[in-house]
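K.L.:
Can you look at this prediction? I've put the sequence above it.
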Amino acid sequence: MLEIRDVPGPTPGPGEVVIDIAAAGVNRPDLQQRLGVYPPPPGASDVLGLECSGTISAVGDGVERWHVGDEVCALLISGGYADKVVTPAGLVLPVPAGLSLLEAAALPEVACTVWSNVFMLAALQPEETLLVHGGAGGIGTMAIQLAHALGAKVATTVGSEEKAAFCRELGADLAVNYREQDFVEEVRQLDDSGADVILDHIGAKYLERNVSLLATEGRLVVIGLMGGRKGELDLGALLSKRAALIATLLRPRPLESKAAIVASVEANVWPLVADRTVKPIVHATFPLDDVRRAHEVVEESSHIGKVLLRT
Ligand SMILES: NC(=O)c1ccc[n+]([C@@H]2O[C@H](COP(=O)([O-])OP(=O)(O)OC[C@H]3O[C@@H](n4cnc5c(N)ncnc54)[C@H](OP(=O)(O)O)[C@@H]3O)[C@@H](O)[C@H]2O)c1
């Protein structure tokens with residue numbers, strides 16, 4: 001149920017800019033929106049797309065930082081699979097130094113999700129261990145690189161040997177093939193006190209094992225429910241470990257909260273991108289007309305890193 005249609009072009013209101021889109025990232029939540037289980041927030045466009053890169057073509061009243069002609073990328077509420085999008089100026093970022101306009105489209109959603117959850121909320125420390133599930137995906141490849149850059153130990157789960165090898169090259173100390181090995185046992189061999197922070201998008205299916213693997217004062221951060229939404233939580237295990245369970249969605253947050261995340265990403269992540277410590281991992285780029293194929297690739301999970309659409 002994906003179709004390309006002509007709609008009226010956007011005009012910027014106060015505090016907004018219009019971006020002529022060069023490329024848009026495909027994120028797994030887009031697949032869920034397509035399936036009807038992740039609707040856009042009230043008032044937002046129902047055009048898919050949580051991030052883009054491009055050139056500013058119009059600027060609304062009160063916008064001082066951005067000008068027509070600036071090359072940027074942006075975290076979007078929706079609307080990235082298009083030629084043009086209107087967005088609040090506070091969600092716009094410069095293209096990091098040294099990156100092409102196309103590559104910049106691969107960053108905003110994963111950088112903001114990983115930075116806000118692993119670093120701002122769970123406050124991962126350099127001497128700690130992070131377990132990130134699905135290390136070869138868009139979120140996973142960003143989490144491995146950022147945590148490794150911080151100096152933390154990084155463990156990850158993956159579905160194939162090819163993905164495991166890629167994650168190790170990116171900086172993972174351990175890549176567990178979850179189809180063949182038990183990640184709880186394997187991570188304990190890396191750090192016998194367990195994982196200080198777990199970034200999880202599997203949900204119910206991993207809840208019990210995630211909680212059992214948490215270290216004392218560990219933080220389990222749930223950002224997705226690929227393995228189901230209803231599980232049994234052992235509160236006793238959390239109590240005795242003084243552990244925390246956090247669950248968040250980025251898109252429905254208020255604008256001010258998202259703008260604060262975007263500003264923190266620019267201050268903390270963009271310098272690591274500029275010096276090539278953190279790289280956009282682009283698996284494939286499709287023309288917007290081939291959006292169905294792009295969704296199929298993510299659905300099949302054959303990708304490593306990000307799939308992009310070129311408009
Ligand atoms: N809360 C938020 O604000 C937010 C924002 C963005 C994304 N997300 C969520 O984050 C998740 C990742 O998004 P993405 O765009 O990075 O998707 P993605 O690129 O498709 O990555 C998902 C990865 O999960 C792996 N996977 C699947 N089943 C697994 C399992 N049982 N154990 C471990 N890994 C498994 C897949 O590889 P294999 O198939 O080979 O296992 C794939 O590499 C999605 O659930 C998405 O909804 C949440």
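P.N.:
Great, that's in hand.

K.L.:
Do a quick rundown of the strands in the stretch 1-150 of the chain.
P.N.:
16-26, 51-59, 71-75, 84-88, 92-94, 129-132 (DSSP state E, counting those that start in this stretch).

K.L.:
How about the contacts made by Gly79?
P.N.:
In this structure, Gly79 makes contact with Pro10, Ala44, Ser45, Val47, Leu48, Gly49, Val85, Val86, Thr87, judged by CB atoms under 8 Å, 6 or more residues apart in numbering. All C-beta atoms are positioned from the backbone trio N, CA, C, and that covers glycine.

K.L.:
Phi and psi next, for it.
P.N.:
Backbone geometry at Gly79, expressed as degrees, to the nearest 10, gives phi 100, psi 10.

K.L.:
just how off-centre is stretch 236-243 within its chain?
P.N.:
On the basis of CA atoms, centre = their mean, to the nearest Å, stretch 236-243 sits 28 Å off its chain's mean C-alpha point.

K.L.:
try stretch 169-176
P.N.:
Relative to its chain's centre, stretch 169-176 lies at 18 Å (CA atoms, centre = their mean).

K.L.:
Stretch 245-252 too?
P.N.:
12 Å.

K.L.:
on that earlier part again, to Ile198, which of the strands of the stretch 1-150 of the chain lies closest?
P.N.:
With respect to Ile198, and counting by CB to CB, the nearest of those is strand 129-132 at 4.6 Å.

K.L.:
and Lys241, what are its phi and psi?
P.N.:
Per degrees, to the nearest 10, the backbone of Lys241 is at phi -90, psi 0.

K.L.:
The closest residue to it other than its chain neighbours: helix or strand, and which one exactly?
P.N.:
For Lys241, ignoring the flanking residues on the chain, the nearest one in space by CB to CB, 6 or more residues apart in numbering is Thr216 at 5.1 Å. Here Thr216, judged by DSSP states H and E, is contained in strand 214-222.

K.L.:
which other residues reach that strand?
P.N.:
By CB under 8 Å, 6+ apart, the residues outside strand 214-222 that reach it are 117-118, 121-123, 129, 191, 193-201, 203, 210-211, 237-238, 241-248.

K.L.:
quick one on the thing from earlier: and for the residue nearest to Lys241, the neighbour number?
P.N.:
In terms of burial, Thr216 registers 11 neighbours under the definition other CB atoms under 10 Å.

K.L.:
And it, what's its pLDDT?
P.N.:
At Thr216 the predicted local distance difference test score is 98.

K.L.:
and the residue of the stretch 1-150 of the chain nearest the ligand?
P.N.:
Among the residues of the stretch 1-150 of the chain, Gly137 lies closest to the ligand, at 2.0 Å counting by CB to the nearest ligand atom.

K.L.:
if I pick that residue, what's in contact with it?
P.N.:
Residues touching Gly137, when contacts are defined by CB under 8 Å, 6+ apart, comprise Arg28, Ser301, His303, Gly305.

K.L.:
Phi first, then psi, for it.
P.N.:
Per degrees, to the nearest 10, the backbone of Gly137 is at phi -80, psi -180.

K.L.:
re earlier: can you list the contacts of Gly137 in TSV and add secondary structure, distance to the ligand and neighbour count?
P.N.:
As requested, the contacts of Gly137 are arranged in TSV below (DSSP: H, G, I helix; E, B strand; the rest coil; distance: CB to the nearest ligand atom, whole Å; neighbours: other CB atoms under 10 Å):
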residue	secondary structure	distance to the ligand	neighbour count
Arg28	helix	3	20
Ser301	coil	3	14
His303	coil	6	20
Gly305	coil	8	21
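
K.L.:
Nearest to Leu150 among those?
P.N.:
So of the contacts of Gly137, ranked by how close each gets to Leu150 (CB to CB), first place is Gly305, at 19.9 Å.

K.L.:
Let me know whether the closest one touches Thr285 as I believe.
P.N.:
No. Checked against CB atoms under 8 Å, the pair Gly305 and Thr285 is beyond contact range at 11.4 Å.

K.L.:
residue ranges of the helices in the stretch 151-300 of the chain, please?
P.N.:
Counting by DSSP state H, counting those that start in this stretch, the stretch 151-300 of the chain forms helices over residues 161-170, 183-190, 204-213, 235-241, 255-268, 270-274, 291-300, given from the N-terminal end onward.

K.L.:
can you list those in JSON lines and add mean neighbour count, mean pLDDT and distance to Val59?
P.N.:
As requested, the helices of the stretch 151-300 of the chain are arranged in JSON lines below (neighbours: other CB atoms under 10 Å; pLDDT from 0 to 100; distance: least, CB to CB, whole Å):
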{"stretch": "helix 161-170", "mean neighbour count": "18", "mean pLDDT": "98", "distance to Val59": "37"}
{"stretch": "helix 183-190", "mean neighbour count": "17", "mean pLDDT": "98", "distance to Val59": "48"}
{"stretch": "helix 204-213", "mean neighbour count": "19", "mean pLDDT": "98", "distance to Val59": "45"}
{"stretch": "helix 235-241", "mean neighbour count": "12", "mean pLDDT": "96", "distance to Val59": "48"}
{"stretch": "helix 255-268", "mean neighbour count": "16", "mean pLDDT": "98", "distance to Val59": "17"}
{"stretch": "helix 270-274", "mean neighbour count": "17", "mean pLDDT": "98", "distance to Val59": "22"}
{"stretch": "helix 291-300", "mean neighbour count": "16", "mean pLDDT": "97", "distance to Val59": "29"}
